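Asker: Below is the sequence, then the predicted model.
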Amino acid sequence: MPPGGRGSLRRVTSTWLQNDLGLLIGALGLSLVGVVLVWSATRSSAGGSAALKQLVALAIGVGCAAAVTRLDVRTVRAVAPVVYVLAVLGLAAVVSPLGSTVNGSRSWIRLPGGTSLQPSEFMKVALAVGLAMLLAERAERGLRQRHRDVVLAWVVAGIPVLLVLAQPDLGSALVLVAMSVVIIAAAGAPWLWTAAVLVAGAGAVAAAFLTPVLSGYQRNRLRAFLDPTLDPQGIGYQTRQVRIAIGSGGLGGQGLFEGRQTQGGFIPFQETDFVFSVAGEELGFLGAAGVVLLIGFIVVRCIVVARRADAFGRLVATGVAVWLGVQAFENVGMNLGLMPVTGLPLPFVSSGGSSLIASWVAIGLVGNVASVSAQGRRHRIVSPTA
């Protein structure tokens, strides 16, 4: 390796070690647990190929996170509009003939080599930095956002939400809305805006049940949450098998690669939507609780970084915390039968390259914010007082 390369590697490593060692260890540990769970869920049908793909995506994601961490914050703010536009174009491509439909949702773009891209995952990154860039200037001065600023922010948020609903993908749309509500409120928007959006959101969820805005497949998922007997051979069967798997794990689990439901292939798409059930069955309550605690640690760490950051960094880190927290809550909730099945992956754990890489880019953004905050604190310490 050339001397310059070794120096760059040392600088990247130093940034992580000085500012975000806990965040890095938590995300890496959770991702590796995810690789093992994906391997267990797919070994009987696909051998080790799914786990290998997950490892490749993990390597790409960690590399992206390291690169994002090193970016100058001014560069991050400058490229935010470009990232947002590219993400919107990706969502538009999905609903065009370029998109591919899986399980009633047109959410993927097929790529050469048998891989696929899910633009809605990268839209979460784009929306976090886009809204932060748009609202940070007045927030930095401690000023309440003007009504026109809030309207513009909701236009920026509303475009991807509508495109995601057109796929249709209710789960990702709810995550984008939750991120937008919290970021815009944290930036100092008048409280009436937040209240109005929450009321509108409740109306949109009701409309999802009562109108054909969602596909028949997804409406069946929502209705089966209320009454599993409505779809006993489809999603009702799936959720019933998931609960059996988790319930049979007990305190310590049946043992890795030993779960009867998992190894018997009784749960369709277990490596994606229902990977948490693998932890529940094979690692038991203790293993599943460990997964939840790791996710909780990452979310709390993002909030801690947000509290120490400037306005832009605070909004970015807050958006990431809401994204990961809401998505994890929905995924674990649908595994436990507490939430309807919406197809959201468990961050860092579920099989899927787009989700894993996007989650690690988010870790890189939080690492960047923490690095800037740490540099600011060191500068204040060494600067002479007036």
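Answerer: Cool, got the structure. Numbering: from 1, shown residues only.
Asker: State the distance from Leu71 to Trp360.
Answerer: 15 Å (C-beta to C-beta, to the nearest Å). Where C-beta positions appear, they are placed from N, C-alpha and C, glycine not excepted.
Asker: quick one: which of the two has more around it?
Answerer: Trp360 (26 against 16; other C-beta atoms under 10 Å).
Asker: Tell me which residues touch the more buried one, please.
Answerer: Taking C-beta atoms under 8 Å, 6 or more residues apart in numbering, we find Trp360 in contact with 27, 31, 58, 61-62, 64-65, 348.
Asker: Also Ala206?
Answerer: Ala206 neighbours (C-beta under 8 Å, 6+ apart): none.
Asker: which secondary structure elements does the strand or helix carrying Ile183 contact?
Answerer: Assigned by DSSP states H and E, Ile183 belongs to helix 170-186. Helix 170-186 sits against helix 119-140, helix 147-165, helix 191-210, helix 311-335, with contacts defined as 3 or more C-beta pairs under 8 Å, 6 or more residues apart in numbering; DSSP states H and E.
Asker: for the stretch 1-150 of the chain, what spans make up the helices?
Answerer: 3-19, 21-46, 49-70, 73-94, 119-140, 147-165 (DSSP state H, counting those that start in this stretch).
Asker: count of residues packed around the nearest residue in space to Gly280 that is not next to it in sequence?
Answerer: Spatial nearest neighbour of Gly280, chain neighbours left out: Ile246 (3.5 Å); criterion: C-beta to C-beta, 6 or more residues apart in numbering. Neighbours of Ile246 under the rule other C-beta under 10 Å: 22.
Asker: residue contacts, Ile246?
Answerer: Contacts of Ile246 by C-beta under 8 Å, 6+ apart are 276-277, 280-281, 288, 335-336.
Asker: and those residues, which are buried?
Answerer: 276-277, 280-281, 288, 335-336 (16 or more other C-beta atoms under 10 Å).
Asker: mind listing what's buried in the longest strand seen in the chain?
Answerer: When the chain is parsed with DSSP state E, its longest strand is strand 105-110. The neighbour-count check on strand 105-110 (16+ other C-beta under 10 Å) flags 105-109 as buried.
Asker: again, but for stretch 153-169
Answerer: 153-154, 156-157, 159-161, 163-165, 167-169.
Asker: quick one: contacts of it?
Answerer: 84, 87-88, 91-92, 94-95, 99, 105-107, 120, 123, 126-127, 130-131, 134-135, 145, 172-173, 176-177, 180, 184, 187, 189, 193, 197, 213-215, 218, 343.
Asker: Please apply the same query to stretch 66-82.
Answerer: Against stretch 66-82 from outside (C-beta under 8 Å, 6+ apart): 11-12, 15-16, 20, 126, 129-130, 132-133, 136, 312-313, 361, 364-365, 367-369, 371-372.
Asker: So what would you say the end-to-end distance of it is?
Answerer: Stretch 66-82 has an end-to-end distance of 20 Å (C-alpha to C-alpha, to the nearest Å).
Asker: so how far is that stretch from its chain's centroid?
Answerer: 19 Å (C-alpha atoms, centre = their mean, to the nearest Å).
Asker: which regions of the protein sit below the pLDDT cut-off?
Answerer: Where the chain drops to pLDDT under 70, the residues are 1-19, 103-105, 204-205, 207-235, 374-386.
Asker: Spatially central, which residue of it would that be?
Answerer: Leu324 (4.7 Å; C-alpha atoms, centre = their mean).
Asker: What residues does that one make contact with?
Answerer: Leu324 touches 295, 298-299, 302, 347, 359, 362, counting by C-beta under 8 Å, 6+ apart.
Asker: Can I get those in a markdown table including secondary structure, distance to Gly353 and neighbour count?
Answerer: What follows is these, written out as a markdown table (DSSP: H, G, I helix; E, B strand; the rest coil; distance: C-beta to C-beta, whole Å; neighbours: other C-beta atoms under 10 Å):
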| residue | secondary structure | distance to Gly353 | neighbour count |
| --- | --- | --- | --- |
| Ile295 | helix | 19 | 24 |
| Ile298 | helix | 19 | 26 |
| Val299 | helix | 22 | 21 |
| Cys302 | helix | 22 | 27 |
| Pro347 | coil | 13 | 28 |
| Ser359 | helix | 11 | 30 |
| Ala362 | helix | 15 | 30 |
